[in-house]
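Visitor: A structural model of the following input is requested.
(one chain, ligands or ions: 1)
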Amino acid sequence: MDIFEKLKTENTPLGTYANFKEEGYFMFPKLEGEIKPRMKFQGKEVLTWSLNNYLGLANHPEVRKADAESSKDWGLAYPMGARIMSGNTTYHEQFEKELADFVQKDAAMLLNYGYQGIMSIIDAITDRKDVIVYDSESHACIVDGLRMHMGKRFVFPHNDIQNLEKQLQRATKLTEETGGGILVITEGVFGMSGDMGNLKDIVALKKKFQFRLLIDDAHGFGTMGKTGAGAGEEFGVQDQIDLYFSTFAKAMASIGAFIAGDKSIIQFLRYNVRSQIFAKSLPMPLVIGGLKRLELLRKNTDLKDNLWKVVNGLQEGLKENGFNIGKTQSPVTPVFLSGTPLEAAALVHDLRENYNIFCSIVIYPVVPKGVIMLRLIPTAVHTEADVKETIDAFVAISDKLKSGHYKSIVEEIA
Ligand SMILES: Cc1ncc(COP(=O)(O)O)c(C=O)c1O
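Guide: Model prediction:
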């Protein structure tokens with residue numbers, strides 16, 4: 001049997017869309033032009049709400065300058081090799097120090113990508129005697145990290161603290177037998193629904209159970225907390241987070257990630273995170289560009305203030321107009337509507353073609369059958385006028401959806 005044979009006949013839930021005739025429209029669309037709220041989609045200007053460019057740093061003149069100059073000065077090759085062998089520089093170390101200071105931790109370590117980085121961290125800190133307890137809505141990179149874990153893993157329903165307590169009781173019992181420890185993993189801000197990990201209640205359980213806490217704060221870094229240090233700062237529990245992780249792919253508008261915690265643990269990780277030890281170091285423009293982004297994030301607090309002005313305007317406006325935006329506590333703004341996947345396609349087509357609004361659409365199997373989720377990501381560089389235009393368009397498409405307009409289009413095509 002040719003191992004490729006099944007790839008032609010069997011498919012994953014997402015893979016079923018691979019043969020969709022409109023590839024390039026819903027899947028793999030191309031947004032062109034400078035990264036800002038108005039970009040081009042299929043030659044037409046659209047108001048975009050689908051980029052995690054929370055602070056608007058992607059196209060900030062100082063960021064563009066730092067990226068361009070560091071690329072010119074260093075190129076993408078330097079430094080060559082893994083950090084541990086030949087790929088270390090003073091800039092990498094400086095960036096780590098500044099990141100650690102910013103998130104109020106002893107030390108930090110750079111990671112080439114968030115996805116591989118956190119998988120590898122989970123792998124490095126646990127062995128078959130340990131138990132991992134994790135939130136059911138954890139990001140795919142955490143789930144893949146769990147797949148590598150050779151010991152037990154217990155899941156708790158999203159943010160269900162009573163159930164978490166039960167899982168901790170089970171885990172405690174088991175680790176007393178194995179002699180292992182317990183790692184709890186959750187997220188600061190959940191990127192789909194925008195609600196936050198129930199960090200206050202989770203850390204309160206540290207009084208009853210012995211465990212260490214790893215937080216993926218990809219969407220909270222730079223957006224939440226007084227200084228932007230993330231979800232832990234927002235809830236006043238940053239010091240109770242044992243390992244704080246964030247990617248640079250969101251508020252930092254770049255590539256790469258970091259993990260921060262106690263010095264001795266970071267020192268252990270430097271010698272044991274396989275995705276770093278056996279991979280080339282982050283190229284210099286990403287490090288120098290990262291330092292510039294962090295400086296702006298720290299000093300230009302108006303960026304976060306602007307972001308939240310837009311977030312509040314958008315979320316309040318949607319709620320006032322009767323939209324269900326779920327339980328979001330962060331800039332991530334889901335809008336829940338009811339309809340079939342085909343109605344969702346017709347609706348998004350209308351939104352893009354006739355209202356010039358581009359946002360992400362999430363349907364079954366990511367959300368339950370019958371639910372259409374439109375996901376809006378506000379940024380610091382959107383305006384009040386953008387918010388108004390979007391809410392007006394959403395009112396119009398929602399009325400059309402309720403009146404059966406998209407259903408009749410779908411039936412006509414069928
Ligand atoms: C919650 C979360 N964790 C981790 C990642 C992966 O980070 P990266 O894009 O740096 O691989 C993402 C997506 O970017 C994410 O949303």
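
Visitor: burial of the closest residue to the ligand within the chain, as a residue count?
Guide: In the chain, the residue that lies nearest the ligand is residue 114 (2.4 Å; C-beta to the nearest ligand atom). To be clear about C-beta, it is placed using only N, CA and C from the backbone, and glycine gets the same treatment. Residues within reach of residue 114, counting by other C-beta atoms under 10 Å, total 23.

Visitor: same check, this time on residue 398
Guide: By other C-beta under 10 Å, neighbour count at residue 398 equals 17.

Visitor: again with the one 5 residues further on
Guide: Other residues near residue 403 number 10, with proximity taken as other C-beta under 10 Å.

Visitor: which residues touch the helix or strand of the chain with the lowest mean pLDDT?
Guide: One helix or strand of the chain scores below all others by mean pLDDT, DSSP states H and E: helix 5-9, with a mean of 83. Helix 5-9 has contacts (C-beta atoms under 8 Å, 6 or more residues apart in numbering) with no other residue.

Visitor: I'd like the distance from that helix to the chain centre, please.
Guide: Distance of helix 5-9 from the chain centroid (C-alpha atoms, centre = their mean, to the nearest Å) equals 31 Å.

Visitor: Is it correct that residue 129 is in contact with residue 178?
Guide: Yes: at 4.1 Å, residue 129 counts as touching residue 178 under the criterion of C-beta atoms under 8 Å.

Visitor: residues bridging contact with the two, i.e. touching both?
Guide: Joint contacts of residue 129 and residue 178 (C-beta under 8 Å, 6+ apart) are residue 151.

Visitor: Retrieve the pLDDT associated with residue 20.
Guide: Residue 20 is assigned 63 on the pLDDT scale.

Visitor: Count the residues that sit near the nearest residue to residue 321 once chain neighbours are set aside.
Guide: Counting by C-beta to C-beta, 6 or more residues apart in numbering, residue 395 is the residue found nearest to residue 321 once chain neighbours are left out, at 5.5 Å. A total of 15 residues lie near residue 395 under the criterion other C-beta under 10 Å.

Visitor: what about residue 395, helix or strand, and which?
Guide: helix 384-402 (DSSP states H and E).

Visitor: Residue 73 now?
Guide: Per DSSP H and E: helix 61-74 holds residue 73.

Visitor: and that helix, what does it pack onto?
Guide: helix 284-299 (3 or more C-beta pairs under 8 Å, 6 or more residues apart in numbering; DSSP states H and E).

Visitor: buried set for the first helix or strand past the helix holding residue 73 going along the chain?
Guide: Scanning forward in sequence from helix 61-74 by DSSP H and E, the next helix or strand is helix 90-102. Residues of helix 90-102 classed as buried: 91, 92, 95, 96, 98, 99, 100, 101, 102 (neighbour count, 16 or more other C-beta atoms under 10 Å).

Visitor: quick check, nearest of the residues you listed to residue 40?
Guide: Closest approach between the buried residues of helix 90-102 and residue 40, by C-beta to C-beta: residue 95, at 33.6 Å.

Visitor: For the stretch 101-250 of the chain, what lies in contact range of the ligand?
Guide: For the stretch 101-250 of the chain, the residues in contact with the ligand (C-beta under 6 Å from any ligand atom) are 113, 114, 115, 139, 141, 187, 191, 216, 218, 247, 249.

Visitor: Farthest pair within the residues you listed?
Guide: Largest pairwise distance in those, by C-beta to C-beta, is 17.0 Å, between 113 and 187.

Visitor: burial measure for residue 249, as a count.
Guide: Residue 249: 17 neighbours (other C-beta under 10 Å).

Visitor: same deal with residue 215?
Guide: Neighbour tally, residue 215, other C-beta under 10 Å: 27.

Visitor: what pLDDT does it get?
Guide: So residue 215 comes in at 98 (pLDDT).

Visitor: Reduced to three states, what does it come out as?
Guide: strand (DSSP: H, G, I helix; E, B strand; the rest coil).

Visitor: close enough to count as contact, it and residue 187?
Guide: Yes: assessed by C-beta under 8 Å, residue 215 is found in contact with residue 187 at 6.8 Å.

Visitor: List the backbone torsions phi and psi for residue 264.
Guide: Per-residue torsions, residue 264: phi -70, psi -30 (degrees, to the nearest 10).

Visitor: which residues touch it?
Guide: Here residue 264 is in contact with no residues (criterion: C-beta under 8 Å, 6+ apart).

Visitor: mean confidence score for stretch 102-109?
Guide: 98.

Visitor: quick one: contacts of it?
Guide: Contacts of stretch 102-109 (C-beta under 8 Å, 6+ apart): 96-97, 99-100, 221, 227-230, 232-233, 238-239, 244, 246, 258-263, 266-267, 269-270, 273, 276, 294, 297-298.

Visitor: Okay, and the beta partners of the spatially closest residue to the residue of the chain closest to the ligand that is not a sequence neighbour?
Guide: Spatially, and ignoring its direct neighbours in sequence, residue 114 is nearest to residue 247 (3.2 Å; C-beta to C-beta, 6+ apart). Bridge pairing for residue 247 (DSSP bridges) gives the partners residue 257.

Visitor: Next one: the residue nearest to residue 321, what pLDDT does it get?
Guide: 98.

Visitor: Which stretches in the stretch 301-414 of the chain count as strands?
Guide: For the stretch 301-414 of the chain, the strands defined by DSSP state E, counting those that start in this stretch occupy 333-338, 357-358, 360-362, 371-376.

Visitor: list the buried ones in stretch 196-206?
Guide: 196, 197, 198, 199, 202, 203, 206.

Visitor: Contacts for it next, please.
Guide: Taking C-beta under 8 Å, 6+ apart as the rule, stretch 196-206 contacts 135, 159, 161, 164-165, 168, 184, 186-190, 211, 213, 215, 220, 224, 231-232, 234-237, 240-241, 329-330.

Visitor: Give me the buried entries from those.
Guide: For the contacts of stretch 196-206, buried by 16+ other C-beta under 10 Å: 135, 159, 164, 168, 184, 186-190, 211, 213, 215, 220, 224, 231-232, 234-235, 237, 240-241, 329-330.
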